[in-house]
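1. Fold the following, please.
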Amino acid sequence: MDAVSTVQGRAIPFGAKNVDTDVIIPAAWLKTISREGLGKGAFETIRSNPDNIFDSAEFSGAPILIAGDNFGCGSSREHAAWALLDLGIKAVIAPSFSDIFAGNAFKNGIVTVELPQEQIDRLMEVAATDPVTIDLENQTVTTPFQDRFTFEMDPFRKRCLSEGLDEVGLTLTRDQSITEYEKRQADTLPWLAQGTGKAA
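-> Next up is the predicted model:
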């Protein structure tokens, strides 16, 4: 997982409310276990309209998505986070998120920012023409027009995102402590190691 300090660039002013995971990535795309290629199916129903915002040249490569209330509701499919990543989305700003989606997004390195609707409305307005910046360290969203919005984030999630730590990476930060514990256990309780290949 890549470390995140800031996410800056054009933001797709989507704004739709109650966007469920089936809209983000339809069920027909769930047959794969690979994270690659799912961007092609992201928002497939919406993108069936040739004039959709996701395929607009103006927002090509945009790393931020601005959405409405209750983004990511519906099923628990982690493919929704994978599809967003494959589409190039590194952060989503919305008034609220489904808890399961927010958890999946976090575990895949996507920053989820919750802001009040009036601030979302302002960002939608700015995003139509100008970039947006998310500063994870200072927990702010800013625009070229001196807008500055602060957001809350769980300190544990902030640390993991800032340091690029997924669950495996987080465990490996404790590698020395784990090794020392296993050595102490082998020395004091050698019979537990029998059959594991660790005891002589």
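2. what's around Ala127, how many residues?
-> 23 (other CB atoms under 10 Å). The way it works is simple: take the backbone N, C-alpha and C, and place the C-beta from them, glycine included.
3. Repeat that for Thr133.
-> 16.
4. three-state assignment of the closest residue to it other than its chain neighbours?
-> Of all residues not flanking Thr133 in the chain, Gln8 sits nearest, at 4.4 Å (CB to CB, 6 or more residues apart in numbering). When classified by DSSP: H, G, I helix; E, B strand; the rest coil, Gln8 comes out as strand.
5. any idea how far Met153 is from Gln8?
-> Counting by CB to CB, to the nearest Å, the separation of Gln8 from Met153 is 17 Å.
6. Can you give me the pLDDT of the closest residue to Phe14 other than its chain neighbours?
-> Spatial nearest neighbour of Phe14, excluding adjacent residues (CB to CB, 6+ apart): Ala67 at 5.3 Å. pLDDT for Ala67: 98.
7. returning to that earlier point: roughly how far does the residue nearest to Thr133 sit from Val141?
-> Gln8 is 10 Å from Val141, by CB to CB.
8. joint contacts of those two?
-> Val132, Thr133, Ile134 (CB atoms under 8 Å, 6 or more residues apart in numbering).
9. and the last one, how many neighbours does it have?
-> With neighbours defined by other CB under 10 Å, the count for Ile134 comes to 25.
10. Note down every partner strand of the one helix or strand it maps to and its orientation.
-> Assignment of secondary structure by DSSP states H and E places Ile134 within strand 132-135. Paired with strand 132-135 in the same sheet, following DSSP bridges, are strand 6-9 (antiparallel), strand 140-142 (antiparallel).
11. what is the rounded mean pLDDT of the last one?
-> If you average the pLDDT over strand 140-142, you get 98.
12. Could you list the residues in contact with that strand?
-> 93, 113, 115, 119, 123, 132-135, 147-151.
13. again, 6 Å this time
-> Around strand 140-142, the neighbours that count as contacts under CB atoms under 6 Å, 6 or more residues apart in numbering are Thr133, Ile134, Arg148, Phe149, Thr150.
14. Downstream of that strand, the next helix or strand is which one?
-> Following strand 140-142 toward the C-terminus (DSSP H and E): strand 148-150.
15. Quick one: mean pLDDT over whichever helix or strand comes after that next one.
-> Using DSSP H and E, the helix or strand that follows strand 148-150 in sequence is helix 155-163. Across helix 155-163, pLDDT averages out at 95.
16. Just the buried residues of helix 155-163, please?
-> Arg157, Lys158, Cys160, Leu161 (16 or more other CB atoms under 10 Å).
17. And these, which is closest to Glu36?
-> Of all these, Leu161 has the smallest distance to Glu36: 21.8 Å, by CB to CB.
18. what's near enough to touch the closest one?
-> Contacts for Leu161 (CB under 6 Å, 6+ apart) come out as Val4.
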